[in-house]
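1. let's see this in three dimensions:
(one chain, ligands or ions: 1)
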Amino acid sequence: MTDQNIRESKDQLWGGRFTGKPDERFAEFNRSFGFDIRLFEADIRGSIAHANGLTGAGVLSSEEAASVTGALRTMLELAGNDPAYMLLDVEDVHSFIETRLIELVGDLGKKVHTGRSRNDQVATAFRLWMRDETDALIGKVRNVQSALVVLAEKHRSAVIPGYTHLQRAQPVLWAHWCLAYFEMFERDIERLADARRRTNVMPLGSAALAGTAYPIDRESVAQELGFEGVSRNSLDAVSDRDFAVEFVSVCSMVMVHLSRMAEDLILYCSQEFGFVKLSDAVSTGSSLMPQKKNPDALELLRGKAGRVFGHQMALLAMMKGLPLAYNKDMQEDKEAVFDTADSVSICLDVAEITLNNSTLNEQKAREVAGKGYLNATELADYLVKKNIPFRTAHDAVGRLVLAGLEKGKELNELSVSEMQTVVPEISEDVYEALSIESSLRSKSAIGGTSPVRVGEELEAAKKKLES
Ligand code: ARG
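-> From the prediction side, this is the model:
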């Protein structure tokens with residue numbers, strides 16, 4: 001049969017069985033081209049590999065494959081040169097590519113969908129897209145880590161009060177704070193890389209749900225696309241979206257870390273804390289109160305976390321009741337993933353910029369670290385060295401803190417005789433033990449805030465950034 005005696009629908013990839021036209025509002029509702037246009041390049045790559053697979057399977061001759069793949073590449077150029085090329089009233093990016101291909105190579109373009117369904121096609125394009133995006137995000141997390149290392153080195157020996165329950169607890173090095181977030185982002189990078197591994201499996205060749213009926217060498221198609229392997233079950237391959245859920249969930253974790261870091265800095269740059277100064281580049285003013293300088297950049301980092309968590313919930317809820325295999329519900333995956341990637345990407349950029357525009361007020365932070373009995377634990381440790389059991393020492397120091405509070409004095413402002421009324425074992429050497437330096441120095445086990453340990457970790461961090 002030739003085209004003349006086959007009636008084809010001009011508008012859809014699936015018109016033959018239909019006699020009626022789709023309702024216009026439904027067609028609009030059904031259409032994903034407005035957003036899946038972002039898969040254009042990935043879907044072209046997938047289509048080129050599929051055409052080569054069809055050649056291996058004897059469906060296309062080498063000449064036919066050459067003209068199909070050539071046309072697919074031309075399409076990328078045409079789109080690059082003229083944005084209007086992308087304006088076409090089609091259902092989705094896959095329909096767009098097939099329609100444009102037929103424009104370029106005529107009936108030959110109608111062969112390219114042999115042995116393939118949009119179900120394995122979209123899963124393939126989506127995975128390719130997400131793989132690239134994951135790589136880009138890993139690079140951006142690295143940039144935030146670099147900014148943290150730079151900020152640590154800018155204030156190499158500065159001290160801040162460390163908090164638990166947001167109550168002053170013990171002094172820590174500023175660099176220790178910076179490296180705490182470095183560690184969180186390091187794990188995020190591991191998670192992104194791990195998620196990437198599971199994303200990098202090729203569904204193409206699963207066709208609609210049962211597998212392709214053509215002898216396509218899936219392994220070599222996968223190799224051409226840089227996939228590490230091929231899916232082992234066609235039903236699973238066209239209908240799983242774990243990789244999308246996992247991507248958004250790893251991104252949620254990144255946002256948790258960005259948001260906590262933002263929250264710390266928002267507190268630190270308030271007048272109440274006064275440790276951190278943000279430059280004008282990342283601050284805003286108030287339309288009413290002339291004196292205000294607000295940390296909007298940081299607040300948006302914190303706020304956008306909620307948006308990404310929302311996408312994670314949306315994906316989980318969308319998937320939970322779906323029968324095997326593909327269901328159109330799954331088209332909803334795109335916007336959730338695209339907006340997640342966009343949000344995390346811009347947040348990572350802004351986090352890097354904000355860190356680069358942050359300065360620690362070393363004097364203020366140190367002053368605060370010296371007030372509020374942050375050396376109480378050190379006094380207990382001092383008594384432990386005098387052979388007093390820790391629990392007894394803890395109790396005695398508690399009573400000394402009470403005495404200090406009554407007299408309006410810090411522990412190191414009490415005289416030896418004042419201290420001896422509570423603990424006779426205390427002597428003149430107590431003041432050395434109560435100093436911030438001694439407190440820091442004593443935390444010398446791995447992971448502690450002693451200057452030596454933090455110095456080692458800073459070097460290790462720099463090595464990671466170089467590799
Ligand atoms: N736009 C669709 C999606 O994103 C492509 C797959 C459509 N497949 C189908 N059988 N209708 O999921």
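2. please enumerate the strands of the stretch 101-250 of the chain.
-> For the stretch 101-250 of the chain, strands defined by DSSP state E, counting those that start in this stretch occupy the ranges 159-164, 167-173, 201-202, 229-230.
3. now the angle from the first one to strand 167-173?
-> Here strand 159-164 points in a direction 140 degrees away from that of strand 167-173 (axes from the mean of the first three to the mean of the last three CA atoms, to 10 degrees).
4. which residues of the stretch 301-450 of the chain lie near the ligand?
-> Within the stretch 301-450 of the chain, the positions near the ligand by CB under 6 Å from any ligand atom are Y326, K328, M330, Q331, K334. Just so you know, the C-beta spots here come from the backbone N, C-alpha and C atoms, and that holds for glycine as well.
5. type out the PyMOL command that picks the buried ones from those residues.
-> Restricted to buried positions by 16 or more other CB atoms under 10 Å, the PyMOL selection for those reads:
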select buried, resi 326+330+331+334
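6. for the helix ranked longest in the chain, the distance to its chain's centre please.
-> Looking across the chain with DSSP state H, the single longest helix is helix 118-154. How far helix 118-154 lies from its chain's middle: 7 Å, per CA atoms, centre = their mean, to the nearest Å.
7. over to stretch 151-170?
-> Centre-to-centre, stretch 151-170 and its host chain are 26 Å apart (CA atoms, centre = their mean).
8. likewise stretch 213-225?
-> For stretch 213-225, the distance to the chain centre is 32 Å (CA atoms, centre = their mean).
9. one more: stretch 224-241?
-> Relative to the centre of its chain, stretch 224-241 is centred 24 Å away, using CA atoms, centre = their mean.
10. got it, and stretch 338-358?
-> Taking the mean of its C-alpha atoms, stretch 338-358 sits 10 Å from the chain's own mean (CA atoms, centre = their mean).
11. buried residues, it. List them.
-> Under 16+ other CB under 10 Å, the buried positions of stretch 338-358 are 338-341, 343-344, 347-348, 350-358.
12. list the contacts of the spatially most central residue of the chain.
-> Per CA atoms, centre = their mean, the C-alpha nearest to the average position across the chain is that of C251, at 3.5 Å. Each residue near C251 by CB atoms under 8 Å, 6 or more residues apart in numbering is listed here: L137, V308, T340, A341, S343, V344.
13. the fourth one reaches D135, doesn't it?
-> If I follow you right, that is A341. No - using CB atoms under 8 Å, A341 is not in contact with D135, being 11.5 Å away.
14. thinking again about what came up before, report the two of the contacts of C251 separated the most.
-> Spatial extent of the contacts of C251 (CB to CB) is set by the pair L137 and V308 at 12.0 Å.
15. within range of the ligand, give me the residues from the stretch 101-250 of the chain.
-> Counting by CB under 6 Å from any ligand atom, the stretch 101-250 of the chain sits next to the ligand at R118, N119, V122.
16. what's the nearest residue to the last one if we skip its chain neighbours?
-> Once its chain neighbours are removed from consideration, V122 has its nearest residue in H94; the separation is 6.7 Å (CB to CB, 6 or more residues apart in numbering).
17. what's the closest of the residues of the stretch 301-450 of the chain next to the ligand to the ligand?
-> Nearest to the ligand among these, counting by CB to the nearest ligand atom, is Q331 at 3.7 Å.
18. how about the nearest residue to that closest one, chain neighbours excluded?
-> Here the residue nearest Q331, using CB to CB, 6+ apart, is S32, at 5.2 Å.
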